[in-house]
Every structure is written in C-alpha cells, then in structure tokens.
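J.: from the sequence below, what's the structure:
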Amino acid sequence: MVFAGRRLSHRCVVAFEDAGFTFKDSLAWLRESAPHRAQRVSVVFERRGDEVSAKKWEGWRIGNLRPTFEPILWFVKPYTIGKTIADNVLAHEIGAFNERAFTSYERTPDNILRSGFAKGEGGLHIAQKPVKLLRALIELTTVPGQVVLDPFCGSGSTLVAAKDANRRYVGFEIDEGSVRTARKRLAPNMFENQAEEKRAEFNRVYCTTFCNQGHRLGDGKPVGHECYVLPPLALMAERDGDYNKAIRILSETRSSRRVHRGVKS
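T.: Residues are numbered from 1 along each chain as shown. Prediction:
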C-alpha cells in the first residue's frame, strides 16, 4: 500500500510495475478536513490595478480544487504462472482480502475509505494518518503474525496499528524527532512481541538441534532420555535476552556431551 500524491501517483504505479509488482487497485481516503490554498484570480488583477480584468474573472481561482481525498495505491507480487490466487493464499497466506475485518472499520467494502483520527490523535507529523485507517488496511491484507513494513514511518502510526492488530512490524525513519515520537507511542512494550517470537524460535532451534524429544532441558517436564548440554555461550546469550546471538550459536554448534536429567524440582 502506498499513500501517493494525486498528481504523481501514475509515476509511482509505473515505478512499482517496473520493479515487478502488479497494480491491484486504487483506493481513496477521504480526509475530514483539508486546506484550500487556490488563489482568486480577481485578487491578482486588483493588486495590479486592473479592475476590468478583476471583474471579468471574478469567481475564478489559480490552483486546484480542495484536496479532500488522498490516493492509496495497492500493489501485490505476481503469483506463480499456472497457479491461482487461492493457491497463493494456501502457500503464503496472502493475496486475498479480509472483507469481514475491513468492514469492522469501514461501513461497506468500498474502495473509498472514511476512517478519521481519534480525539487528540493528530498533530504528531505533517503526513500523519489515522491509526484506525491503517489498521483497516493492515487487517484487509494480512493475517496475525505477518510482518508490516513502513520504510517512511514518521511518528509511527503504521507500527502502532500493526502492533494493535497483532502483527510484527518494521519501521524506518530519518528524522530523529519523529523516531522519538514513534518510540514513545510504542512504549513501554514495543519489543515485547518480537522478544516472545525470538524466544520461541530459540526453543525450536534448540529442540531440533540438541533435543530429540521436542522440549528444553530443565523446563519442568520429565525427560529420562539423552539430551545434549546447552552450549554455555548460547545459555549466556539467552539469559541476556539476545536470542539472535543464541540462535546463531546453536546453529553453529554441535555439542558432543550427553547427559541424563529427570524432573526439575
């Protein structure tokens, strides 16, 4: 999904198509308010002292109509030739859209969206979008646990919406002030879900590589079978909460020590 400028959205479509994406649809978000800066032509002529032209062109303006909608461009990756979208859904859990989730935010499954800001939500970024709107788009196209990427995340509204919708999230932002705002909005537990997922991945790697019964040593379950000893460096990394490091150590290590353990007291 790309929030695009009205005048240059066609160039965005061409760029994405050149990169290998398929343009699925163009949506429109209706803003609750929008500034209108089109200058009156008659005022221009009045300032020049040209009263005749000012009278002739009364009611005309220079510029555009009030920008009450913003285009949202919807792109997808092409599915495999010879397959269907349904096949893609089975293989990758993506490609269809969740109408039921979408209509919990919008009245009807239309390509014109009207979700606005909650009270006190706005004013954090010049291009800020409502969390409700972003959550509608996220739940329209993804399932819980999938990753939502925002390469220009601003004050973090997309990340907040992804977190609320139980999706993983990655955001990039160059402005330090906006980064601080995003972190504050995601705090205090902005990395809690990611830590739990990494811990689960660590356990899976351990069980696959070091334990033939599918669970951790000393986790309170009866073992009574042979298990490998957890490498000390991996254990230290796990205790420090550095699961990426612990997983890397497990993947690189093949311990030769075996022990027997019973039920943890």
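
J.: from here on, just use CA atoms for contacts and neighbour counts.
T.: Fine.

J.: low-confidence ranges in this structure?
T.: Along the chain, the model assigns pLDDT under 70 to residues 188-198, 205-230, 240-244, 253-265.

J.: identify the residues contacting the most centrally placed residue in it.
T.: Residue closest to the mean C-alpha point of the chain, counted by C-alpha atoms, centre = their mean, is V148 at 2.8 Å. By C-alpha atoms under 8 Å, 6 or more residues apart in numbering, V148 lies in contact with 138, 159, 162, 167-170.

J.: pretty sure it is in a helix, no?
T.: No - the assignment for V148 by DSSP: H, G, I helix; E, B strand; the rest coil gives strand, which leaves it out of any helix.

J.: SS state for V14?
T.: Taking three-state DSSP, the label given to V14 is helix.

J.: just give me the neighbour total for it.
T.: A count of nearby residues for V14, using other C-alpha atoms under 10 Å, gives 14.

J.: could you do G171 as well?
T.: 16.

J.: equivalent analysis for V43, please.
T.: Neighbours of V43 (other C-alpha under 10 Å): 19.

J.: do the same with T181
T.: 17.

J.: follow-up on the earlier one: now the residue nearest to the centre of the chain, which residues is it bridged with?
T.: Y169 (DSSP bridges).

J.: now do the phi/psi pair for P71.
T.: phi -70, psi 140 (degrees, to the nearest 10).

J.: circling back to that earlier point, closest to C153 among the contacts of V148?
T.: Using C-alpha to C-alpha, L159 comes nearest to C153 of the contacts of V148, at 7.5 Å.

J.: quick one: contacts for A162?
T.: Taking C-alpha under 8 Å, 6+ apart as the test, what A162 contacts is 135, 138, 148, 168-169.

J.: quick check: which element contains it?
T.: helix 157-164 (DSSP states H and E).

J.: any buried residues in that helix, and which?
T.: Residues of helix 157-164 classed as buried by neighbour count (16 or more other C-alpha atoms under 10 Å): 157-163.

J.: out of the contacts of V148, which end up buried?
T.: So, by 16+ other C-alpha under 10 Å, the buried ones in the contacts of V148 are 138, 159, 162, 167-169.

J.: and this structure, what are its domains?
T.: Per automatic domain parsing, the domain ranges recorded for the chain read 97-189, 193-260.

J.: name the SS class of I72, please.
T.: Assignment for I72 (three-state DSSP): strand.

J.: what of L137?
T.: L137 ends up helix, using three-state DSSP.

J.: can you map out the helices along the chain?
T.: 9-18, 41-47, 51-56, 85-92, 99-102, 131-141, 157-164, 176-186, 192-210, 232-239, 243-252 (DSSP state H).

J.: and the contacts of the first one?
T.: Yep, that's helix 9-18 we're talking about. So helix 9-18 is contacted by 4, 22-23, 71, 73, 75 (C-alpha under 8 Å, 6+ apart).

J.: for ChimeraX, what selects the buried ones among the residues you listed?
T.: The ChimeraX selection below is limited to those of those classed as buried (16+ other C-alpha under 10 Å):
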select :4,22,23,71,73,75
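
J.: which one of the contacts of helix 9-18 is nearest W57?
T.: P71 (31.5 Å).

J.: before we move on, back to that, and the buried residues of helix 157-164 as TSV, adding distance to I247?
T.: Below are these laid out as TSV (distance: C-alpha to C-alpha, whole Å):
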residue	distance to I247
S157	31
T158	29
L159	26
V160	28
A161	29
A162	26
K163	24
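
J.: biggest separation within the residues you listed, which pair?
T.: S157 and K163 (9.9 Å).

J.: picking up where we left off before, how about the domains of the chain, which one is nearest L8?
T.: domain 97-189 (16.4 Å).
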